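>>> this is the structure alone, sequence omitted:
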C-alpha cells in the first residue's frame, strides 16, 4: 500500500495540484522538468518492485486522469500541456505490467521531449510557448510542421510509432477487467483528442523561396531527427515483443 501511495504521488500530479500550482514558485517549464523526473523515478521504482498497483489506487489515478484531461483541453501552452499529458497517462503507468509500462513511459517521454524542443522554438520565434493559431507569413514553417506532426501523431497512438505499439503490447499482456477496459478506452481516445486539438492550432506550411520565414535551424533539425529515430527504434523493440 505504501508503494501504491508513492507511485500515485509521482505519476498523478499530486505535487503539482497540492503545492506547485498554488505557490507559483516554479515556471511551467520547470514544472515539466520536475514532473518528467517524478515519472522517471516512479518507473524505476515500479520496475524494481515488479508489482501492479491495487484497484483502488488505479481508480484514484483514473479520476485524476479525467481532471488532467479537462485541464489539458483548457490550456494553450505547450509546457503546461506536456505535464498534463503525463498526469493523464498516470493510470496506465500504474496498471500495466512493470516492463511494458516502463517502455510505454519511455516512448511517451521521448515524444514529450520532441514537443518540448518545439515549444522552445515557439518561445524563441513568437515570444511564448502558446500554440494559439498564428496568421501571416510566420505560417510558413515546414520543418516545425513536419516534426510537430510526427510527435503529435505518436502522441495520438498511431502506428508505426512506438507509443501505439508499446501501448497495445501492454494491453495484450494484462488481464482485463471492467475498469481496465474503461481506462484503456479513455486514455487511447483522450491522447488522440489532445493531439488532434493541438495539431489544428500549430504551425504548418510548405517552403517558398520568395517568402522569408522563421523555422528551426539545421542543428535543431538534427536533434529532432535523432528523437524520431529513437522513437522508431522503440517501435522495433515493441514489434519484437509482439512476435516473441
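Yep, that arrived. Keep in mind the model is a prediction, meaning the values are calculated, not measured.

>>> residue 192: which element?
Per DSSP states H and E: residue 192 is located in helix 178-199.

>>> remind me which residues of the protein are low pLDDT?
Filtered on pLDDT under 70, the chain yields the residue ranges 132-142, 173-176, 202-215, 239-244.

>>> what's the longest helix in it?
Secondary structure of the chain per DSSP state H: the longest helix is helix 98-126.

>>> quick one, it and helix 178-199 angle?
20 degrees (axes from the mean of the first three to the mean of the last three Cα atoms, to 10 degrees).

>>> pull the number of nearby residues for the residue lying closest to residue 151 once chain neighbours are set aside.
Take residue 151 and drop its neighbours on the chain: the residue closest to it by Cβ to Cβ, 6 or more residues apart in numbering is residue 114, 4.3 Å away. No exception for glycine: its C-beta is placed from N, CA and C like everyone else's. For residue 114, the count of nearby residues is 23 (other Cβ atoms under 10 Å).

>>> and if you look at residue 181?
The tally of other residues near residue 181 (other Cβ under 10 Å) stands at 11.

>>> tell me how far it lies from residue 68.
In this view, residue 181 and residue 68 are 20 Å apart by Cβ to Cβ, to the nearest Å.

>>> one more: residue 129?
As judged by Cβ to Cβ, residue 129 and residue 68 stand 19 Å apart.

>>> compare those two (neighbour count), which wins?
Neighbour count, other Cβ under 10 Å: between residue 129 and residue 68, residue 68 has more, with 25 against 22.

>>> tell me where the chain has helices.
2-11, 14-15, 21-23, 28-49, 55-72, 78-88, 90-95, 98-126, 142-155, 162-172, 178-199, 218-243.

>>> now do the last one against helix 162-172, angle only.
Using the same axes, to 10 degrees, the inter-axis angle of helix 218-243 relative to helix 162-172 is 20 degrees.

>>> could you do the fourth one as well?
Helix 28-49 and helix 162-172 meet at an angle of 40 degrees, taking the same axes, to 10 degrees as the criterion.

>>> and helix 28-49, how far out from the chain's middle?
13 Å (Cα atoms, centre = their mean, to the nearest Å).

>>> again with the longest one
A distance of 6 Å separates the C-alpha centroid of helix 98-126 from that of its chain, computed with Cα atoms, centre = their mean.

>>> other SSEs contacting that helix?
Helices and strands touching helix 98-126, by 3 or more Cβ pairs under 8 Å, 6 or more residues apart in numbering; DSSP states H and E, are helix 28-49, helix 78-88, helix 90-95, helix 142-155, helix 162-172, helix 218-243.

>>> I'd like to know which elements the longest one is packed against.
By that I understand helix 218-243. With 3+ Cβ pairs under 8 Å, 6+ apart as the test, helix 218-243 has helix 98-126, helix 142-155, helix 162-172 packed against it.

>>> export those helices to TSV and tack on distance to residue 7?
TSV is the format used below for the helices and strands packed on helix 218-243 (distance: least, Cβ to Cβ, whole Å):
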stretch	distance to residue 7
helix 98-126	10
helix 142-155	23
helix 162-172	16
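
>>> for residue 192, find the nearest of these.
helix 142-155 (8.5 Å; Cβ to Cβ).
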